[in-house]
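Colleague: A predicted structure for the sequence below; I have some questions about it.
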Amino acid sequence: MAKLTIDGIEVEVPNGSTVIQAAEAAGIEIPRFCYHERLSVAGNCRMCLVEIEKMPPKPVASCGQPVADGMVVHTDSEMVRKGRRGVMEFLLINHPLDCPICDQGGECDLQDEAVAYGRDTSRYEDDKRSVAQPDWGPLVRTTMTRCIHCTRCVRFTTEVAGVAEIGGTFRGESTKISTYVEKALSSELSGNIIDLCPVGALTSKPYAFTARPWELRKTDSIDVLDALGSNIRIDARGAEVLRILPRINDDVNEEWLGDKSRFSVDGLKRRRLDRPWIRENGKLRAASWEEAFAAIAGKVKATAPQKLGALAGDLADVESMLALKEFFAAMGSKNIDCRVDGASFDASKRAFYLFNTTIAGIEDADALLIIGSNPRHEAPVLNARIRKHWLDGGFKIGVVGRAQNLTYEFDHVGDGPQALQALLDGTHPFADVLKAAARPMIILGAGALARPDGAAIHAAAWQLAARFNMLSTDWHGFNLLHHAAARVGALDLGFLPGEGAMDAKAMLSGGAEVLWLLGADAQAVRNIPAHSFVVYQGHHGDAGAARADVILPGAAYTEKDGTYVNTEGRVQQAYIAVKPPGDAREDWRILRAISAYLGHALPYDTLAQLRDHLRAQYPVFAEAFRRFAGTDATGPAGAAALGSGAFAPLLANYYQTDVISRSSPTMAACVATHYPVAEAAE
C-alpha cells in the first residue's frame, strides 16, 4: 500500500493505483473526459491535470500517473486551473454551438466542465472543422463534428464488447473516429457507447429529439428481456416510456446493458392489448370484463379439473405465477408448467437449475466449458464478463455446440452430446484442461435442454461437474444459463406439473380442454388444437392472443411492481414506471378477480398481502442472496440415453425474442440490418 497526500488529505491506496483513483478514494473529484474506470487508460484529453511536488514543474495527467509513497498532489492549484482552462479552450475550438439542439444537453460532461473551466469568448478566428456523419446503423446516431477524440467508444468496442469495428483514422486535423469500413455496428452492446460518450457525438438514434432529461420521471427497475436481471432505469414522460438506461450493479451487469433491453422500448406502445376480447364465430370482438369472466366461467365449470391447464410465459413476474398456481390448485388442477419451450430437466434441487458460480464469480474461474449455448446472444452482458476474465489471461474456454462467433478464443470440443461423453471418458484433449484447473466451471445453455434428450444432457453436464472437481465446499462450477426472466422464479415456486399431471407439451397438443396462457407466446401456441378453449392473459397481441378465445389485457414489466429472479437465483424487485393502457390491469389482480368470480377467492387483496404470503410459503424469496456450495453428491435424474444431433442455436436472431422486441420497429430495423432475409424469417 502507498500513502500519499492529496490536497492535504492523507490517503492509502494499493500499489499500482493511479493518482486519479487515489483522489477518488479521498473523495476528491478530478475532471476527466477520456478516463473511465472500466476501460484502459488512454491519456487523450489531458483534462485530469494535477500538480505533484518534487516532479518537473508542469501539470501531470493524473489518469496515467502511478502513485508513490510520500507523494504530495495538488488538484486545484493555480498551475492546474490554468492548464485545465487551456485544455478546455482547445477542446472547444472546433466544437459546434449545438447545445440547444443536442440530445446530450443536460447530461453532457463537456457542458459541466465548461462551466468551471470554459471562457465566454473564443480567441480562435479560423474556420471550424466539419466532419461527416457516418451511418453506424439503426441504434447509434453520429454527429462526429462534436467528437473530442476521447476514444472511449473505441476502447469499449475493442476491450469490452470484443468487436473491434471503431478506430481513429487519418492524422492531425483530419483525424476522425469511425468504422474502418462504413457499416452498421454489429455488437449486441453497441448502445453503451452512447452512455460513455462525454459529449454529443454519439446519441441514441431512436430517442433523437424526443425529450430533455429534466422532463423525465426516473424509476429504478429490472430488465426482463433476458435472464440476467440487469439493473435498469426507466425514463418516462406522462404515460409513455421514452428510454431505458443501465444502473450500476457490479455483481450483475456492472454498468452495461444489451441493445435489445435498451432499444426495444418502442415495442411497449405498439400492438398493445388494452381491453378484454372474446372470440365469436371465429372473430374477436371487444368485450367488458364481466363478459370475459362469464365466458371463462362457463367453460371452466363445464370442464373436469384434470382437463384444466396453465402455462407461464417468459416475462411473467413471480406474484402473477403464484396467483395462477394457487388459483388452479383451488380448482383441483395440477396441470401447470413454465417450460413452454419444451425443456426437460430435473428441478428437484435449486442447484440443478441455477447459475451457481454467480455472474461475478466468473472472474474466479480458471477454465470454462460452454454446452449448447451462445452467451453472446442469450446474455450479452454476461458474455462481456467472460471476455473480461479471458483478457486477464489463463482462462481456457471450450465450446460444445455449433462453431459460433464469440468475442474470445475457444477450443471447439464438438457439436453434440458425443463430445460430453468424450470428456467424461477423458478421450478429448480438453478433459486435461478441466482436470488441471483449480476452479473449472460449466455453462449449460437452456436450449440444450429443449430436446428429447434434455434430461440426459442435464445429468451428463452434472456428471462432468462432479468428474472435474467443480463441486466442492468452496466452489460450485455447475451453471445453467436461462434465457427467460421468469424461469428461475417459476421453478422456485414449483410451477411444474404435479405427479401424473400434464406437462407443457401435452397441454399444447390438446390435452387441456381449457388452457390458460399467462403471457405464453411461443410459436407452439399457434398450433393448439381447435377443441381447446384458450384464455390468453398478456400485454401484446402476439402468438398467444392470435390463438386465444378470450383475451385478458395484462401489464408489461414497466407497468407493475413485480418480483423477478435472475439466472443466478438473485431475487430482485421491479417497480411501476407508468400505468397500464386502457382497461389493462396487473396480472395478479386479474387472477384474484377471476378466482373470486369462480368461487375460489385467493387469500390476498393487496400486493403487500400477496408478498407476505409468498415469503411465508416460499422462504427463498425472503432470504439474502448467497452463492451455493457444490456439495450435492446426488445429481439430477436423467436415465435416458444421450441423443446424436448437434446442439442448435436457441435464438433465431438476437433482436426479436419476445413479444416486446417483436413489436419494436427499432428491433425490426436491426434484424433487417444484421440478418439475411431468409434467416430473419425463420
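Modeller: Happy to help now that I have it.
Colleague: Okay, helices next: where are they in the stretch 251-400 of the chain?
Modeller: Under the criterion DSSP state H, counting those that start in this stretch, the stretch 251-400 of the chain carries helices at the ranges 259-263, 289-301, 318-330, 375-378, 380-391.
Colleague: Reformat these into TSV and put mean pLDDT next to each item.
Modeller: Formatted as TSV, those follow (pLDDT from 0 to 100):
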stretch	mean pLDDT
helix 259-263	97
helix 289-301	96
helix 318-330	97
helix 375-378	95
helix 380-391	97
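Colleague: Columns mean neighbour count and distance to residue 653 on top of the ones you listed, output as CSV?
Modeller: The way it works is simple: take the backbone N, C-alpha and C, and place the C-beta from them, glycine included. Compiled in CSV, the helices of the stretch 251-400 of the chain are given as follows (neighbours: other CB atoms under 10 Å; distance: least, CB to CB, whole Å):
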stretch, mean neighbour count, distance to residue 653
helix 259-263, 26, 10
helix 289-301, 16, 35
helix 318-330, 23, 28
helix 375-378, 25, 8
helix 380-391, 22, 13
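Colleague: who wins for proximity to residue 210 among those?
Modeller: helix 259-263 (12.9 Å; CB to CB).
Colleague: list the helices and strands the closest one packs on?
Modeller: strand 240-246, helix 665-674 (3 or more CB pairs under 8 Å, 6 or more residues apart in numbering; DSSP states H and E).
Colleague: just the strands in the stretch 51-200 of the chain please.
Modeller: For the stretch 51-200 of the chain, the strands defined by DSSP state E, counting those that start in this stretch cover 60-61, 72-74, 140-142, 166-169, 176-179.
Colleague: Mean neighbour count, those: which tops it?
Modeller: Of all the strands of the stretch 51-200 of the chain, strand 140-142 has the most neighbours on average by mean count of other CB atoms under 10 Å, namely a mean of 23.
Colleague: Give me the neighbour count for residue 347.
Modeller: 21 (other CB atoms under 10 Å).
Colleague: in terms of contact, does it touch residue 493 like I think?
Modeller: No - with contact defined as CB atoms under 8 Å, residue 347 does not reach residue 493; the gap is 10.7 Å.
Colleague: give the contact list for the residue nearest to residue 598 when sequence neighbours are not counted.
Modeller: Computed as CB to CB, 6 or more residues apart in numbering, the closest residue to residue 598 that is not its neighbour in sequence is residue 297, at 5.6 Å. Contact analysis of residue 297 by CB atoms under 8 Å, 6 or more residues apart in numbering lists 594, 597-598.
Colleague: Closest one of those residues to residue 215?
Modeller: Proximity of the contacts of residue 297 to residue 215 (CB to CB) peaks at residue 594, which lies at 38.6 Å.
Colleague: Residue 651 in helix, strand or coil?
Modeller: What DSSP: H, G, I helix; E, B strand; the rest coil gives for residue 651 is coil.
Colleague: Contacts only, for it.
Modeller: Per CB under 8 Å, 6+ apart, neighbours of residue 651: 374, 377-378, 483, 657.
Colleague: so who does residue 196 touch?
Modeller: 36, 39, 152-153, 156.
Colleague: next one: residue 277
Modeller: Applying CB under 8 Å, 6+ apart to residue 277 gives the contacts 284-287, 292, 545, 548, 550-551.
Colleague: try 10 Å this time
Modeller: Counting by CB atoms under 10 Å, 6 or more residues apart in numbering, residue 277 touches 283-287, 291-292, 536, 541, 545, 548-553.
Colleague: Tell me which of those residues fall in strands.
Modeller: In this view, those that belong to strands under DSSP state E are 283-286, 536, 550-553.
Colleague: just those now: which is nearest residue 342?
Modeller: residue 536 (19.2 Å).
Colleague: confidence score at the closest one?
Modeller: Residue 536 carries a pLDDT score of 97 in this model.
Colleague: so where do the strands sit in the stretch 301-450 of the chain?
Modeller: Using DSSP E, counting those that start in this stretch, strands in the stretch 301-450 of the chain cover 308-312, 336-337, 367-371, 396-400, 411-414, 440-445.
Colleague: Tell me which other helices or strands the longest one touches.
Modeller: Secondary-structure packing of strand 440-445 (3 or more CB pairs under 10 Å, 6 or more residues apart in numbering; DSSP states H and E): strand 367-371, helix 375-378, strand 396-400, helix 430-436, helix 454-467, strand 475-476, strand 478-481.
Colleague: need the ones you listed in JSON lines with distance to residue 532, can you?
Modeller: Below are the helices and strands packed on strand 440-445 laid out as JSON lines (distance: least, CB to CB, whole Å):
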{"stretch": "strand 367-371", "distance to residue 532": "35"}
{"stretch": "helix 375-378", "distance to residue 532": "31"}
{"stretch": "strand 396-400", "distance to residue 532": "37"}
{"stretch": "helix 430-436", "distance to residue 532": "46"}
{"stretch": "helix 454-467", "distance to residue 532": "25"}
{"stretch": "strand 475-476", "distance to residue 532": "41"}
{"stretch": "strand 478-481", "distance to residue 532": "31"}
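Colleague: Show me the one of the ones you listed that comes nearest residue 262.
Modeller: Between residue 262 and the helices and strands packed on strand 440-445, the tightest spacing by CB to CB is seen for helix 375-378, at 15.4 Å.
Colleague: And residue 42, how close does it get to residue 202?
Modeller: Counting by CB to CB, to the nearest Å, the gap from residue 42 to residue 202 is 16 Å.
Colleague: Comparing the two, which residue is more hemmed in?
Modeller: Neighbours per residue (other CB under 10 Å) separate residue 42 from residue 202, with residue 202 holding more: 28 against 19.
Colleague: from what I can see residue 42 touches residue 148, true?
Modeller: No - when contacts are counted by CB atoms under 10 Å, residue 42 is not listed as touching residue 148 (11.9 Å).
Colleague: Now do the shared contacts for those two.
Modeller: In contact with both residue 42 and residue 148: 33-34, using CB under 10 Å, 6+ apart.
Colleague: Among the contacts of residue 651, which one lies nearest to residue 410?
Modeller: Nearest member of the contacts of residue 651 to residue 410, counting by CB to CB, is residue 374, at 11.5 Å.
Colleague: How about the closest one: what's its closest non-neighbour residue?
Modeller: residue 404 (5.2 Å).
Colleague: pLDDT score assigned to that neighbour?
Modeller: At residue 404, pLDDT is 84.
Colleague: swap in residue 581?
Modeller: 96.
Colleague: likewise residue 676?
Modeller: pLDDT at residue 676 comes out at 64.
Colleague: let's number from 39 now, not from 1
Modeller: Sounds good: first residue 39 from here, last item residue 714.
Colleague: which stretch among the helices and strands packed on helix 297-301 comes nearest residue 463?
Modeller: Using CB to CB, these put helix 703-712 closest to residue 463, at 39.6 Å.
Colleague: Show me the two of the contacts of residue 315 that sit farthest apart.
Modeller: Largest separation among those by CB to CB: 329 and 579, giving 18.8 Å.
Colleague: Only the buried residues of stretch 545-565, if you could.
Modeller: Buried residues in stretch 545-565, defined by neighbour count with 16 or more other CB atoms under 10 Å: 545-546, 549-560, 562-563.
Colleague: Quick check: residue 348 vs residue 372, distance?
Modeller: 10 Å.
Colleague: The two - which one has more neighbours?
Modeller: Taking other CB under 10 Å, residue 348 and residue 372 do not tie; residue 348 has more neighbours (28 against 19).
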